[in-house]
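Chemist: okay, here's the prediction I keep looking at, along with the sequence it came from:
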Amino acid sequence: MATARRRRTGRPARQTPLLYHWGGTHDPLPVQEVRGVGRTGHLPFGGEAPPWIHSGPPGEPFDFCGYVRRLCADIADRCDEFRHVRTDRVLFAVTQARNGRAHGLQARVTPLRFHGGALYRRHRGSRYQVQRLFLHGREMLYLMTFCLPRFLNQAFDDKIITLFHELFHIGPRFDGDLRRHAGRYAVHSSSQHRYDEHMAKLARAYLAGDPDPDLHAFLRLNFAQLKHRHGDVVGTVVPRPKLVPVTEDAEPSEVIHAAVRHP
């Protein structure tokens, strides 16, 4: 590996890690409480969650990522369009919304490979790699992140369509790359409206197939209702993967190992 550059203070500059490992005794997956922002954290009088909508044991923290993972696994099992998705290779996470506005980022999928599943890409003469994420020794190929509490404060239909929207971005080869469409608009196709209509159609077909209602019941509750029932809403919080320059002779086994507890 190249010698680390030194800062003006004379101390070596911190190297950007190429690997993140979580899941062991000393490097658990980082979990944080989601904060209410603006009025989103306040439950209006009489606005408690209906008792017939299940979201886990009251008084225990609501694990948002765990519930989303189980729902996505069921969607992948039931829907032909998502049979290629392996949720054990998708890391589900949350990011904290900075304000209480309804509009803005709801969710995103970050691919952990380049076009065609390539580990490296050249740009302006330099070689780059996406930071690689491992959980319990298994490499993740996608990072799916939800912006909370904003996502939870959408209507149920909007939430489940957003979920299908993000799942559909996962490439059909499941090689770490995104699904790519022909033409100029490779990620969302040439018509955002038709794309959204297609996602709504897939979501309706899934719900019409009579899945276990407890898998998606939490989407019928907003952030304040979940927080009031469970005390806390928590989720996995990890650094968003970066592009890191690597030397020409670097091999995957030569990258820097980093056990990170907090992003």
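Modeler: Arrived safely. Residues are numbered from 1 along each chain as shown.
Chemist: what's the lengthiest helix in the chain packed up against?
Modeler: Counting by DSSP state H, the longest helix found in the chain is helix 192-208. In terms of contacts (3 or more CB pairs under 8 Å, 6 or more residues apart in numbering; DSSP states H and E), helix 192-208 is packed against helix 156-169. In short, each C-beta sits where N, CA and C put it, glycine included.
Chemist: now what about the helix it packs on, what contacts it?
Modeler: 68, 71-72, 75-76, 81-82, 85, 106-109, 144, 151-152, 154, 178-179, 187, 195-196, 198-200, 202-203, 206-207, 216, 219-220 (CB atoms under 8 Å, 6 or more residues apart in numbering).
Chemist: the longest helix of the chain: which residues count as buried?
Modeler: Across helix 192-208, burial judged by 16 or more other CB atoms under 10 Å covers Tyr195, His198, Met199, Ala200, Leu202, Ala203, Tyr206.
Chemist: where exactly do the helices run in the stretch 1-150 of the chain?
Modeler: 64-78 (DSSP state H, counting those that start in this stretch).
Chemist: strands along that one, start to end?
Modeler: All strands of the stretch 1-150 of the chain, identified by DSSP state E, counting those that start in this stretch, fall at 19-22, 31-33, 62-63, 90-96, 107-111, 120-123, 126-130, 132-135, 138-139, 142-148.
Chemist: tabulate these in CSV, adding columns for mean neighbour count.
Modeler: Compiled in CSV, the strands of the stretch 1-150 of the chain are given as follows (neighbours: other CB atoms under 10 Å):
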stretch, mean neighbour count
strand 19-22, 18
strand 31-33, 14
strand 62-63, 21
strand 90-96, 22
strand 107-111, 18
strand 120-123, 12
strand 126-130, 17
strand 132-135, 19
strand 138-139, 14
strand 142-148, 23
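Chemist: select, out of the ones you listed, the one closest to Lys227.
Modeler: strand 62-63 (7.8 Å; CB to CB).
Chemist: strand partners of that closest one, parallel vs antiparallel please.
Modeler: Here strand 62-63 is paired, per DSSP bridges, with strand 233-236 (parallel).
Chemist: next secondary structure after the strand it pairs with?
Modeler: The element immediately downstream of strand 233-236 (helix or strand, assigned by DSSP states H and E) is strand 243-246.
Chemist: and that following strand, what does it pack onto?
Modeler: Strand 243-246 packs on strand 126-130, going by 3+ CB pairs under 8 Å, 6+ apart.
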